[in-house]
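Engineer: model this:
(chains A and B)
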Amino acid sequence: MLDRAFSGSQKYYRLLMALLVFMGLGFAAYLFQLNRGLTITGMGRDVSWGIYIAQFTFLVGVAASAVMVVLPYYLHDIKVFGKITIMVVLPYYLHDIKVFGKITILGEFLAVAAVTMCLLFIIVDLGKPMRLLNVLLYPTPNSILFWDMIVLNGYLILNILIGWNVLDAERKGVPYPHWVKPLIYLSIPWAISIHTVTAFLYAGLPARHYWLTAIMAARFLSSAFCSGPALLILLAYTVKKYTKFDPGQEAIEKLSIIMTYAMIISVFFVGLEFFTAFYSQIPSHMHSLVYLFKGLEGHRFLVPFMWLFTGLAVFALAMLLNPNTKRNEKKLKIACAAVFFSMWLEKGLGLIVAGFIPNPFDQVREYSPSIPEIMIALGVWATGFFVLTVLYKIATSVKEEVA
Amino acid sequence: MEESRRSFLKLGGLCALGIGALPVVDALGKTDLPKVMNDPKALVGKRWAMVVDMKKCWEKGKPGCKDCSLACHVTHNVPEIGNVKEEVKWLWTEPFENAFPGQESHFMPGNMNEKPFMVLCNHCAQAPCVRVCPTQATFKRPDGITMMDFHRCIGCRYCMAGCPFGARSFNWKDPRNYIKTELNMTFPTRERGVVEKCNFCDERLAVGKLPACVEACKDGCLRFGDLEDPNSEVRKILASQFTIRRKPELGTDPSVFYII
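Structural biologist: Residues are numbered from 1 along each chain as shown, chains lettered A, B, ... in the order given. You can find the predicted model right below:
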């Protein structure tokens, strides 16, 4: 199947070349970072995690949700969907899951690309990347990071195995191998686990008040369930435009309904944080939110971004609550972009940085990413999209052949 | 083709032989003698702790005295990076309102809110940094010291997010260019990309010396001892004077106490 990645249109090659340019720039910036150390980033002793870890957190969500929404298709195929716990998450779509059939593979391959980016973002954030394997050499079950390493790598392998084998079976016109079935079962709780464990990275730290909230995992899952489908819809439209493979309007509409619900819940959850902080009036609970939305002690670097998040979220909700939006490609695309970008601002920028502000000494030390840091982040994104492009090329080629 | 298969098999056989010989080498190399002998003079304790007598420090100490932190930073080759963002600190001062956030008020005597407090790693009994470290590069010693292995640390900085006291410093750049004091050849310098912090001078305890800061303070404001030993100096002070700890509500059980 891999050969299909090497025969494509000029547009395909041009896209790959463009991504390679960004990857190259990012790699050059990374060499600079390897040479000088993390001093070239905007991070410091007070805000010790920056956009690398924030991107990682956001992309875990994309990876988790991309599979969660499309997996029921497989389960339907094996005629056991009714008993699966995923029912709780997706109440009635399960009864109508056939429509997801065509985009399943898009979801799985999106997950592969997203997890690849997650792992790369962890690696570029390490002070001693050459010692990475110490995590395996000295396994430490009391560290959430250890579990995150396990669930993320496991999820990557699961998705590659499932996606590849199902696609290969489709190409040959035969049912997928029987050993894939248990893996599909496994990948459902696994998808929830990657995001829950990632939320636990933050939600269990004693003095980071902004993160110390029991609904952190729930917030992560809900925001993932809107940003993931948003990206998936945009990708489905792109695939439809540039290939002969049509993921199907019905699937896109169903996805947009999932996205709408998830977006409402996400915004609601952010509101819950506001209530607890401001009704209780506990300073440490309020500080990070004040910093994000109003500025603290004259520091307001993130304020415009957070209001942009608010504006985009309200705009997206207003659009999505109108049932006509999901039937209008152009409007739906705009709504998806608004959902994706607003959730990126909230989770891929504000959430992680604000956890460090104010610092343990109750001082405000701001963070803004440096140019090389942004270049490295862009390079990782480009790498992810390179992987995604190649995988989607293979998938759509197979789909075109079979059709 | 035949030739390359032959050489491949030969190479494979050689490798197998090498792996097979490994246990023999191990067996021959093994001795019953301990590799490290503990110094008989070493100070031993179950939970090392410190009492910082700030009252005495303000009353008796000469203005601007930094003997303790200087001694600490000289002993441990702590670099002087020179900017707030990337500072490396083991023992330093913070105003009361920063060291004890949430406890300041406008009505306290004098300029209490601005009074300097010595801050350092609290060597918490329930250390969050130890809990979160994915490689056990930060670990708890049997004597209660929260220890750093500079050679195992992968530089993920999870411990810095976990520490409620801002006691941990990351080497954002090569610290060796910034060691302004005379190099102490008996203590390792650090590489770029690892986290470091106060180690309660475990290397000095091992040879029977008190921590460098305790020794350096001529006014006796820093007291060091075993919290588990009822007859230790720190226990006697704690039994006779009112002391406070930083952020006790977080349940980390800090081992550094303050007299004000």
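
Engineer: Give the burial count for the closest residue to chain A within the stretch 101-250 of chain B, as a bare number.
Structural biologist: At 2.0 Å from chain A, B:G155 is the closest residue in the stretch 101-250 of chain B, using Cβ to the nearest Cβ. No exception for glycine: its C-beta is placed from N, CA and C like everyone else's. Around B:G155 there are 23 other residues, counting by other Cβ atoms under 10 Å in any protein chain shown.

Engineer: My guess is it contacts B:G193. True?
Structural biologist: Yes: shown here, B:G155 and B:G193 form a contact pair, counting by Cβ atoms under 8 Å, at 4.3 Å.

Engineer: can you give me the helices in the chain?
Structural biologist: In the absence of a named chain, this looks at chain A. A:10-36, A:51-68, A:72-77, A:104-125, A:134-137, A:144-172, A:180-203, A:216-242, A:249-280, A:283-293, A:303-320, A:329-345, A:351-355, A:371-402 (DSSP state H).

Engineer: wait, chain B
Structural biologist: B:2-29, B:54-60, B:67-75, B:96-99, B:128-132, B:158-162, B:202-205, B:212-216, B:233-240.

Engineer: Of all these, which one is nearest A:S143?
Structural biologist: A:S143 lies closest to helix B:128-132 among these, at 5.5 Å (Cβ to Cβ).

Engineer: So which residue is dead centre in chain B?
Structural biologist: With distances taken as Cα atoms, centre = their mean, the residue of chain B nearest its centroid is B:N199 (2.3 Å).

Engineer: Could you tell me which residues of the stretch 101-250 of chain B lie near chain A?
Structural biologist: Counting by Cβ under 8 Å from any Cβ of the partner chain, the stretch 101-250 of chain B comes close to chain A at B:101-102, B:128, B:131-137, B:152-158, B:160-166, B:168-174, B:191-195, B:247, B:250.

Engineer: My guess is B:T138 contacts B:T146. True?
Structural biologist: Yes: judged on Cβ under 8 Å, B:T138 makes contact with B:T146 at a distance of 6.6 Å.

Engineer: between the two, what contacts are shared?
Structural biologist: B:127, B:129-130 (Cβ atoms under 8 Å, 6 or more residues apart in numbering or on different chains).

Engineer: nearest to A:A54, of these?
Structural biologist: When the shared contacts of B:T138 and B:T146 are compared for distance to A:A54 (Cβ to Cβ), B:C129 wins out at 21.5 Å.

Engineer: Just list the residues touching the closest one, thanks.
Structural biologist: Shown in contact with B:C129 (Cβ under 8 Å, 6+ apart): B:138, B:146, B:159, B:162-163, B:168.

Engineer: Where does the prediction get shaky in the chain?
Structural biologist: No chain in the question, so chain A it is. A:68-102 (pLDDT under 70).

Engineer: wait, I meant chain B there
Structural biologist: Within chain B, the segments meeting pLDDT under 70 span B:1-3, B:29-34.

Engineer: list the buried ones in stretch A:237-245?
Structural biologist: By 16 or more other Cβ atoms under 10 Å in any protein chain shown, the buried positions in stretch A:237-245 come out as A:237, A:239-240, A:243, A:245.

Engineer: Now do the contacts for A:Q55.
Structural biologist: Counted by Cβ under 8 Å, 6+ apart, A:Q55 has contacts A:117, A:121, A:348, A:377, A:380-381.

Engineer: Look up how far B:V195 lies from B:T186.
Structural biologist: To B:V195, B:T186 is 22 Å away according to Cβ to Cβ, to the nearest Å.

Engineer: for A:H299, which residues make a bridge with it?
Structural biologist: A:L296 (DSSP bridges).

Engineer: residues in contact with it?
Structural biologist: Contacts for A:H299 (Cβ under 8 Å, 6+ apart) come out as A:291, A:357, A:364, A:366.

Engineer: and of those, the nearest to chain B?
Structural biologist: Nearest to chain B among the contacts of A:H299: A:E366, at 10.0 Å, using Cβ to the nearest Cβ.

Engineer: Need phi/psi at the closest one.
Structural biologist: Dihedral angles phi and psi of A:E366 (degrees, to the nearest 10) take the values phi -80, psi 170.

Engineer: Now the terminal residues of stretch B:76-90, how far apart.
Structural biologist: One end of stretch B:76-90 to the other measures 9 Å (Cα to Cα, to the nearest Å).

Engineer: who's more crowded, B:T186 and B:V195?
Structural biologist: Taking other Cβ under 10 Å, B:T186 and B:V195 do not tie; B:V195 has more neighbours (28 against 10).

Engineer: Return the nearest residue of chain A with respect to chain B.
Structural biologist: Nearest residue of chain A to chain B, counting by Cβ to the nearest Cβ: A:G127, 2.0 Å away.

Engineer: Neighbours of the closest residue to A:D362 other than its chain neighbours, how many?
Structural biologist: Spatial nearest neighbour of A:D362, chain neighbours left out: B:P101 (3.6 Å); criterion: Cβ to Cβ, 6 or more residues apart in numbering or on different chains. Residues lying near B:P101 (other Cβ under 10 Å) number 21.

Engineer: How about the contacts made by B:P101?
Structural biologist: A:284, A:360-362.

Engineer: just the buried members of these?
Structural biologist: Buried among those by 16+ other Cβ under 10 Å: A:284, A:360-362.

Engineer: Neighbour count for B:T138 and B:T146, which is higher?
Structural biologist: Neighbours per residue, other Cβ under 10 Å: of B:T138 and B:T146, the larger number sits with B:T138, 27 against 24.

Engineer: Tell me which of the helices of chain A is the most buried.
Structural biologist: helix A:51-68 (a mean of 27; mean count of other Cβ atoms under 10 Å in any protein chain shown).

Engineer: relative orientation of that one and helix A:144-172 in degrees?
Structural biologist: Between the axes of helix A:51-68 and helix A:144-172, defined by axes from the mean of the first three to the mean of the last three Cα atoms, to 10 degrees, the angle is 40 degrees.

Engineer: Common neighbours of B:G155 and B:G193, please.
Structural biologist: A:38, A:126-128, B:170.

Engineer: So which of the contacts of A:H299 wins on neighbours?
Structural biologist: Of the contacts of A:H299, with other Cβ under 10 Å as the count, A:Y291 tops at 25 neighbours.
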